[in-house]
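model the structure of this input:
(4 chains)
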2 protein chains.
Amino acid sequence: MGKATTSRAGTKGVARPERERQIVDIAGRVFAEHGYAGTSLTAVAEQAGISKPLIYNYFGSKEGLFSACLTCAGEVLVEVIERTARLGLVGQQRVIVTLDQFYAALEPRPWMWRVFRDPTMPATPEITAQHDQYARRMHAVGVEGVRELLHLAGNDDPLDASAMTAAWVNVFDALVNWWIDHPGESRADMTARTIRLSGAVFGPMESAPPTGAALD
Amino acid sequence: MGKATTSRAGTKGVARPERERQIVDIAGRVFAEHGYAGTSLTAVAEQAGISKPLIYNYFGSKEGLFSACLTCAGEVLVEVIERTARLGLVGQQRVIVTLDQFYAALEPRPWMWRVFRDPTMPATPEITAQHDQYARRMHAVGVEGVRELLHLAGNDDPLDASAMTAAWVNVFDALVNWWIDHPGESRADMTARTIRLSGAVFGPMESAPPTGAALD
DNA sequence: CCATGGTAACTTACCCAGAAGTCACTTACT
DNA sequence: AGTAAGTGACTTCTGGGTAAGTTACCATGG
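Presented below is the predicted three-dimensional model:
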């Protein structure tokens, strides 16, 4: 017969790396929904079906857990934007292809975007430095495209380029969040929508950009 | 001689309505900087030079205080966007004038925008309902302008209009936040910048829109 | 084929700082 | 004297973080 104690301690047969991935994925979802400041690790542990100390065992602190989520998000997002930039597309085509690639990257883990842009993330030097590193790389790619666009309009003001880059990033933000709020829409739906909206703003394109499976 | 007790209780000659306005203004700043979840009323009381119980006396709870800030922000923002819409401008002119009016409204209290868009605001029915009410009114005005623009491009898809409205709101968000992060720029600077950027995207305008003191 | 011990995966039960919220009280103005 | 403005000092509770222990798995030696 079993002991009188009904302790549920002991391994469940899940290896550390796999468990870490699972915790990061669930924590990312919760951070994205409530923000870093509004998230309690007790809630994360509950949703993951484990106990709080295991999180501390693996990640050291709440901030450490957030840092792991941020790394996951930052690596993916930077990779997408830098790879897309290397395609050498310009103007409208570049916008559409970049968004299409973002949708593809975010499809499995939409929380990454909101975690990366969480305004309540801890203001410690470590997190700030980590975020800045990714943000700078993304901003560099964005500002390069924007400067090109502004130059065509005869504008070389660096502050204008900075403001416009911020605006563009927020357009991405809006479309990604709109997508998260409309779970019925597939990635292909969103890309088609992006093309229609872009056409309404900039006018129609000369040639269709390469999207979807053509690049994945 | 004074008593041995150096109690600092007693009125300071500030009437309740004035004190309430002052508390809302300071709380708004703190909420905007750290988010609702990251803000402690002790810190707010400290910055206001009063004690915490006075806040509870006047606002009942942390949520009540946030609600007061939200009311302040919502009323102002809705008023601006609805009043501007009534001017009957269209397209590029409408965008520029609306932004110009937003800058003017936010100049004295820039925190209003961030409080209105705080992702960590309490998820209680009261706050949610209050925020939704303002958000719906603003969205309605925005979607009307966007639908018109899309209709000119031969697009009447309501989901497209919804997504594009979200994108536009976030462009506003980006420019307002950019402004908050660049305190050296005056409202006139920002409006001039808006006009340059709008021209680069849409092409130059036929006639100059009425901005600045012309409408205030 | 079984005991035995080492280790990795896990949990229960706790500590403690800080923040929400309250009570009884004090002071100043009219 | 009455009332509005205001506070010090509490209670309560949540949430980050920890100490110490429990259970399962897996290697070895008999």
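
is A:Arg8 in a helix, a strand, or coil?
In terms of secondary structure, A:Arg8 is coil; the call rests on DSSP: H, G, I helix; E, B strand; the rest coil.

what of A:Val44?
At A:Val44 the chain is in helix, as set by three-state DSSP.

look up how far A:Gly145 lies from it.
Distance of A:Val44 to A:Gly145, given as CB to CB, to the nearest Å: 37 Å. Any C-beta I mention is one placed from the backbone N, CA and C, and that applies to glycine too.

also A:Gly74?
Relative to A:Gly145, and taking CB to CB, A:Gly74 is found at 20 Å.

quick one: is stretch A:36-52 near chain B?
Yes - part of stretch A:36-52 sits near chain B under the criterion CB under 8 Å from any CB of the partner chain, namely A:37-38.

so which bits of that stretch are buried?
Along stretch A:36-52, the positions that meet the burial threshold by neighbour count (16 or more other CB atoms under 10 Å in any protein chain shown) are A:36-39, A:41, A:44-45, A:48, A:50.

can I get these in a markdown table including pLDDT, distance to B:Arg16 and secondary structure?
What follows is those, written out as a markdown table (pLDDT from 0 to 100; distance: CB to CB, whole Å; DSSP: H, G, I helix; E, B strand; the rest coil):
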| residue | pLDDT | distance to B:Arg16 | secondary structure |
| --- | --- | --- | --- |
| A:Tyr36 | 96 | 36 | coil |
| A:Ala37 | 95 | 31 | coil |
| A:Gly38 | 93 | 32 | coil |
| A:Thr39 | 96 | 37 | coil |
| A:Leu41 | 98 | 41 | helix |
| A:Val44 | 98 | 43 | helix |
| A:Ala45 | 98 | 45 | helix |
| A:Ala48 | 97 | 48 | helix |
| A:Ile50 | 97 | 51 | coil |
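
between those, which sits nearest A:Gly13?
Minimum distance to A:Gly13 across the buried residues of stretch A:36-52 is 12.9 Å, recorded for A:Ile50 (CB to CB).

got the phi and psi for that closest one?
Phi and psi for A:Ile50, reported as degrees, to the nearest 10, are phi -130, psi -170.

for the closest residue to A:Tyr103 other than its chain neighbours, grab the count of nearby residues.
Among residues not flanking A:Tyr103 along the chain, A:Arg187 sits closest, at 4.5 Å (CB to CB, 6 or more residues apart in numbering or on different chains). For A:Arg187, the count of nearby residues is 18 (other CB atoms under 10 Å in any protein chain shown).

A:Pro210: which element?
Here A:Pro210 is covered by no helix or strand, with elements defined by DSSP states H and E.

likewise A:Thr194?
With elements taken from DSSP H and E, the one containing A:Thr194 is helix A:187-202.

close to chain B, is the longest helix along chain A?
Criterion DSSP state H: the longest helix present in chain A is helix A:125-152. Yes - applying CB under 8 Å from any CB, one finds that helix A:125-152 is in contact with chain B at A:149-150, A:152.

can I get the residues you listed in CSV with neighbour count, pLDDT and distance to DNA strand C?
As requested, the residues of helix A:125-152 next to chain B are exported to CSV (neighbours: other CB atoms under 10 Å in any protein chain shown; pLDDT from 0 to 100; distance: CB to the nearest atom of the strand, whole Å):
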residue, neighbour count, pLDDT, distance to DNA strand C
A:Leu149, 20, 89, 44
A:Leu150, 22, 93, 44
A:Leu152, 11, 88, 50
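
nearest to chain B, of the residues you listed?
Each of those was scored against chain B by CB to the nearest CB, and A:Leu150 proved nearest at 5.4 Å.

tell me the secondary structure for A:Gln93?
Secondary structure for A:Gln93, judged by three-state DSSP, is helix.

actually, A:Asp156.
For A:Asp156, the assignment made with three-state DSSP gives coil.

so it is in contact with A:Leu150, correct?
Yes - applying CB atoms under 8 Å, one finds A:Asp156 in contact with A:Leu150, separated by 7.0 Å.

ok, now which ones touch the residue positioned nearest the centre of chain A?
When CA atoms, centre = their mean is applied to chain A, the residue found nearest the centroid is A:Trp113 (2.5 Å). With contacts defined as CB atoms under 8 Å, 6 or more residues apart in numbering or on different chains, A:Trp113 is in contact with A:32, A:73, A:77, A:106, A:173, A:176-177, A:180.

cool, and A:Gly88?
For A:Gly88, counting by CB under 8 Å, 6+ apart, there are no contacting residues.

give me phi/psi at it?
For A:Gly88, the backbone dihedrals (degrees, to the nearest 10) come out as phi 80, psi 20.

with just CA atoms, put stretch A:79-97 into PDB.
Only the C-alpha atoms of stretch A:79-97 are listed here, as PDB (Å, rounded to 0.1, in the frame of the first residue of the first chain):
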ATOM      1  CA  GLU A  79      16.400  37.000 -37.400                       C
ATOM      2  CA  VAL A  80      13.200  37.600 -39.400                       C
ATOM      3  CA  ILE A  81      13.700  41.300 -40.000                       C
ATOM      4  CA  GLU A  82      17.400  40.900 -40.900                       C
ATOM      5  CA  ARG A  83      16.800  38.000 -43.200                       C
ATOM      6  CA  THR A  84      14.000  39.800 -44.900                       C
ATOM      7  CA  ALA A  85      16.100  42.900 -45.400                       C
ATOM      8  CA  ARG A  86      18.700  40.900 -47.200                       C
ATOM      9  CA  LEU A  87      16.200  40.100 -49.900                       C
ATOM     10  CA  GLY A  88      16.900  43.600 -51.200                       C
ATOM     11  CA  LEU A  89      13.200  44.500 -51.800                       C
ATOM     12  CA  VAL A  90      12.200  48.200 -51.600                       C
ATOM     13  CA  GLY A  91       9.100  50.300 -50.800                       C
ATOM     14  CA  GLN A  92       5.800  48.700 -50.700                       C
ATOM     15  CA  GLN A  93       7.100  45.200 -51.600                       C
ATOM     16  CA  ARG A  94       9.500  45.300 -48.700                       C
ATOM     17  CA  VAL A  95       6.700  46.200 -46.300                       C
ATOM     18  CA  ILE A  96       4.500  43.500 -47.400                       C
ATOM     19  CA  VAL A  97       7.100  40.700 -47.500                       C
END
